[in-house]
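Participant: 3D, please:
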Amino acid sequence: MGAARLTVGVDVGGTKIAAGIADEHGRTLASRREATAREGGSDVVAQIARLVEALSAESGAERSAIGGIGIAVPAVIERARGRVLWAPNIAGWQAPIEVVGPVGEALGIPASLHYDGHAWVMGEWWRGAARGARDAALVAVGTGIGGGLILGGRLHTGRVGVAGALGWWVMDWPDAGARKDPVRGDLEALASGPAIASAAGTDTAEQAFEAAREGDQRARDAVEQAARALGSAAANLVSLVDPEIVVFAGGVIAGGGDLLLPRIRDIVRGRAQPQMAPGVRVSAAELGEDAAWMGAAKLAAGQLEDKEEGR
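Facilitator: Numbers count the residues shown, from 1 in each chain. Sure thing, here's the model as predicted:
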């Protein structure tokens with residue numbers, strides 16, 4: 001990669017954006033987190049560019065030392081054109097929107113777009129809980145639910161580039177008309193942050209977890225519903241791809257992992273394929289909410305290496 005050994009990762013979420021600069025060894029030079037622009041649309045694209053500028057200034061790194069920017073989004077994307085086709089949890093991103101072009105032009109740095117589940121699993125595989133694993137799965141639980149797979153030591157992107165979109169995992173078969181938004185994945189409808197808050201009768205998942213710890217039965221039922229759904233999905237993943245580890249990441253796990261993970265582990269042990277279940281590890285992310293931006297930075301570095309080597 002020549003002299004440019006730094007890359008920036010940006011993780012765009014429905015409620016917040018996390019970003020950071022890392023070197024080729026995964027060392028963090030600077031990182032930031034801020035609320036996603038409420039106006040959505042092009043304002044979020046401009047916010048990404050401003051965040052990268054702020055990180056460059058904070059780290060002391062010359063802009064010329066930054067070789068690339070990886071942008072991770074919870075969305076259906078068109079990577080070749082650098083645009084988001086549909087991001088249900090980001091305001092104004094429900095129709096195609098250009099991301100890579102405006103960011104790259106504003107900063108003069110090559111940018112690339114990635115499905116956020118792939119960034120999450122790449123970050124944890126590079127520097128976190130899945131280090132050294134040949135086969136790993138990750139489930140990211142926040143405003144939405146996504147995920148990613150490392151199979152045979154390589155990121156599995158799938159035919160259209162969003163393999164691991166676990167929010168769409170069908171957990172039940174509701175009656176016609178039972179859901180206000182029938183295109184949303186059933187796992188996300190049962191176990192995302194907003195789903196937990198709704199079931200608990202609270203404003204946020206964090207409030208639901210606190211109420212559950214204090215013994216509120218409705219909140220405890222909401223947590224149990226989410227844990228059963230996530231545990232079932234993890235058990236299915238284990239039976240399907242036989243990973244060494246399933247990592248749970250995201251804001252919901254950061255806030256309520258102590259309540260969710262023990263139940264998830266019990267379900268995996270009891271319901272996954274019997275020869276696979278005993279050896280698989282079910283772990284919380286080691287990098288916390290930094291995993292996705294770090295993974296996006298690693299993916300950007302990989303794209304630069306491919307370009308320089310003519311792949």
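
Participant: where along the stretch 51-200 of the chain do the strands fall?
Facilitator: Secondary structure of the stretch 51-200 of the chain by DSSP state E, counting those that start in this stretch: the strands cover 66-73, 76-78, 83-86, 97-98, 111-115, 136-141, 145-151, 154-155.

Participant: point out the most buried one among the ones you listed.
Facilitator: strand 136-141 (a mean of 31; mean count of other C-beta atoms under 10 Å). In short, each C-beta sits where N, CA and C put it, glycine included.

Participant: among the strands of the stretch 51-200 of the chain, which comes closest to residue 293?
Facilitator: strand 66-73 (7.1 Å; C-beta to C-beta).

Participant: taking strand 111-115 as reference, get the angle to the closest one.
Facilitator: 30 degrees (axes from the mean of the first three to the mean of the last three C-alpha atoms, to 10 degrees).

Participant: could you tell me the least trusted of the strands of the stretch 51-200 of the chain?
Facilitator: Mean pLDDT is lowest for strand 76-78 among these, at a mean of 92.

Participant: quick one: distance of that strand to the chain centre.
Facilitator: Computed by C-alpha atoms, centre = their mean, to the nearest Å, the chain-centroid distance of strand 76-78 equals 15 Å.

Participant: what do you get for stretch 165-174?
Facilitator: Taking mean C-alpha positions (C-alpha atoms, centre = their mean), stretch 165-174 and its chain are 17 Å apart.

Participant: mind checking the end-to-end distance for stretch 137-149?
Facilitator: 5 Å (C-alpha to C-alpha, to the nearest Å).

Participant: hang on, the earlier thing: need the strands of the stretch 51-200 of the chain in CSV with distance to residue 200, can you?
Facilitator: Formatted as CSV, these follow (distance: least, C-beta to C-beta, whole Å):
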stretch, distance to residue 200
strand 66-73, 28
strand 76-78, 30
strand 83-86, 28
strand 97-98, 33
strand 111-115, 29
strand 136-141, 15
strand 145-151, 17
strand 154-155, 35
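
Participant: for those strands, which one sits closest to residue 231?
Facilitator: Closest among the strands of the stretch 51-200 of the chain, once you apply C-beta to C-beta, is strand 136-141, at 10.3 Å.

Participant: and the closest one with strand 145-151, angle?
Facilitator: Angle of strand 136-141 versus strand 145-151, following the same axes, to 10 degrees, is 170 degrees.

Participant: got the contact list for strand 136-141?
Facilitator: Strand 136-141 is touched from outside by 116-117, 120-121, 124-125, 130, 145-150, 164, 166, 191-193, 230, 233-234, 237-238, 241, 243-253, 285, 292, with contacts defined as C-beta atoms under 8 Å, 6 or more residues apart in numbering.

Participant: any regions of the stretch 51-200 of the chain where pLDDT drops low?
Facilitator: Applying pLDDT under 70 to the stretch 51-200 of the chain flags the ranges 174-185.

Participant: show me what the helix or strand hosting residue 270 is packed against.
Facilitator: Using DSSP states H and E, residue 270 maps to helix 251-271. For helix 251-271, the packing partners by 3 or more C-beta pairs under 8 Å, 6 or more residues apart in numbering; DSSP states H and E come out as strand 136-141, helix 193-200, helix 205-213, helix 217-241, strand 245-249, strand 281-284.

Participant: rewinding a little: of all the strands of the stretch 51-200 of the chain, which one comes closest to residue 206?
Facilitator: Closest approach to residue 206 among the strands of the stretch 51-200 of the chain is made by strand 136-141 (13.0 Å; C-beta to C-beta).

Participant: so what's the backbone phi/psi at residue 244?
Facilitator: phi -80, psi -30 (degrees, to the nearest 10).

Participant: pretty sure residue 170 contacts residue 186?
Facilitator: Yes. Shown here, residue 170 and residue 186 form a contact pair, counting by C-beta atoms under 8 Å, at 5.1 Å.

Participant: of all the strands of the stretch 51-200 of the chain, which one comes closest to residue 274?
Facilitator: strand 136-141 (18.3 Å).

Participant: quick one: that closest one to helix 251-271, angle?
Facilitator: 130 degrees.

Participant: circling back: could you redo the helices and strands packed on helix 251-271 as TSV and give each row distance to residue 298?
Facilitator: Shown next, in TSV, are those (distance: least, C-beta to C-beta, whole Å):
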stretch	distance to residue 298
strand 136-141	14
helix 193-200	26
helix 205-213	28
helix 217-241	21
strand 245-249	15
strand 281-284	19
